[in-house]
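Chemist: Just to be clear, the model below is a prediction. Sequence and coordinates:
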Amino acid sequence: MPRKNWTRDETIIVFNLYCKIPFQRSSKNHPEVIKIANLIGRTPSAVNMKIGNFGSFDETLKEKGIVGLQNASKLDEQIWNEFCGKWDELAYLSEELIAKLRGEKAEDAISTENLPLGSERITAVKQRVNQSFFRTTVLTSYNSACCITGINNPELLLASHIKPWKDSNPAEKTNPKNGLCLNALHDRAFDKGFITVTPDLIIRVSSSISDIYNGETVEKFFKCYNNAKIIEPEKFAPSKEFLEYHNDVVFECWR
């Protein structure tokens, strides 16, 4: 039987999976790899190899000495180049393709409670689907551990936007390089500008936090991390551009 060429839709779906599972844990036996393989009619080995192909384009992996497979196709490269700067398009399109193969809609995977009606509903659904993609991708990149404390209980973790949601355009809102995995306490402090992460990934704690909290609380939960380096993600390293924005605009107001 002749080998069946990969389609554009199949490649986009596997790119979605590439974003959602730790690269070094990917294998033909990974349950998510098996699920997607069954969904698109490919073998788990073929899907795992496609993930390896995408890894060959990832600069964060290369910087860590992790090398993807070297037989990526022109279609793999095309999809990578097309969507790396358009994460909002990748998120919704890929989730829509996956849902369609399951006989569902993309919105079936999210909570639709309190969604508006009419044309506003479409926008709200897309936003929630993209938010879910962003959270999964960011937490996966950090192996589901807070990049400051190492806390690894998913129930306590958030995908924190570096450049705030309200200031980001649609692509930036979904860009995994605009995210840090933080526990709920440090997420709130980061959002309010009491802490930041410099472009060289060093944690900075504002002295102003002592004006609001003092004593053992500040020392135990904040000052002990000042000047430490964050736990770096496996892939999708935080963008220097977004970190500079947070340092200059969000953190600046407390210095």
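Modeler: Sure thing, it's come through.
Chemist: Need the contact partners of the host helix or strand of L158.
Modeler: Here L158, judged by DSSP states H and E, is contained in strand 157-161. Contact partners of strand 157-161, identified using C-beta atoms under 8 Å, 6 or more residues apart in numbering, comprise 134-135, 137-139, 144-146, 151, 168, 173, 178-184, 187, 190-191. C-betas here are computed from N, CA, C, even on glycine.
Chemist: quick one: the helices in the stretch 1-150 of the chain?
Modeler: Along the stretch 1-150 of the chain, the segments classed as helices by DSSP state H, counting those that start in this stretch run 8-20, 31-40, 44-55, 59-63, 74-83, 87-101, 119-141.
Chemist: Including mean neighbour count, mean pLDDT and distance to K220, could those go into CSV?
Modeler: Below are these laid out as CSV (neighbours: other C-beta atoms under 10 Å; pLDDT from 0 to 100; distance: least, C-beta to C-beta, whole Å):
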stretch, mean neighbour count, mean pLDDT, distance to K220
helix 8-20, 21, 96, 34
helix 31-40, 17, 97, 37
helix 44-55, 22, 96, 39
helix 59-63, 14, 88, 32
helix 74-83, 16, 96, 42
helix 87-101, 20, 92, 36
helix 119-141, 19, 83, 25
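Chemist: closest one to H246 among those?
Modeler: When those are compared by C-beta to C-beta, helix 119-141 sits nearest H246, at 15.0 Å.
Chemist: Check which helices and strands that closest one sits against.
Modeler: helix 8-20, helix 87-101, strand 157-161, helix 170-174, strand 179-183 (3 or more C-beta pairs under 8 Å, 6 or more residues apart in numbering; DSSP states H and E).
Chemist: partners of the third one, with directions?
Modeler: I take that to be strand 157-161. strand 179-183 (antiparallel) (DSSP bridges).
Chemist: what about stretch 138-153, start to end distance?
Modeler: Stretch 138-153 has an end-to-end distance of 14 Å (criterion: C-alpha to C-alpha, to the nearest Å).
Chemist: returning to that earlier point: would you indicate which residues of the strand holding L158 are buried?
Modeler: Buried residues in strand 157-161, counted by 16 or more other C-beta atoms under 10 Å: 157-161.
Chemist: thinking again about what came up before, to W80, which of the helices and strands packed on helix 119-141 lies closest?
Modeler: Per C-beta to C-beta, nearest to W80 of those: helix 8-20, 7.2 Å.
Chemist: Report all helices and strands that the closest one contacts.
Modeler: Using 3+ C-beta pairs under 8 Å, 6+ apart: helix 8-20 touches helix 31-40, helix 44-55, helix 74-83, helix 87-101, helix 119-141.
Chemist: who's in contact with the closest residue in space to I79 that isn't next to it in sequence?
Modeler: Closest residue in space to I79, ignoring its immediate chain neighbours: T11 at 5.0 Å, by C-beta to C-beta, 6 or more residues apart in numbering. By C-beta under 8 Å, 6+ apart, T11 lies in contact with 50, 75-76, 79.
Chemist: one step back: let me have the helices of the stretch 1-150 of the chain in a markdown table, extended by distance to E244.
Modeler: A markdown table is the format used below for those (distance: least, C-beta to C-beta, whole Å):
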| stretch | distance to E244 |
| --- | --- |
| helix 8-20 | 24 |
| helix 31-40 | 34 |
| helix 44-55 | 27 |
| helix 59-63 | 18 |
| helix 74-83 | 24 |
| helix 87-101 | 19 |
| helix 119-141 | 19 |
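Chemist: Among the contacts of strand 157-161, the buried ones, what's the ChimeraX command?
Modeler: To isolate the buried members of those in ChimeraX, using 16+ other C-beta under 10 Å:
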select :134,135,137,138,139,144,145,146,151,168,173,178,179,180,181,182,183,187,190,191
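Chemist: outside of stretch 162-170, which residues touch it?
Modeler: Residues contacting stretch 162-170 (C-beta under 8 Å, 6+ apart): 88, 130, 161, 172-173, 178-180, 191, 197, 238-239, 242-243, 245-246, 249-250.
Chemist: same question, stretch 43-51
Modeler: So stretch 43-51 is contacted by 6, 11, 14, 17-18, 21, 23, 26-30, 33-34, 36-37, 40, 69, 71, 76 (C-beta under 8 Å, 6+ apart).
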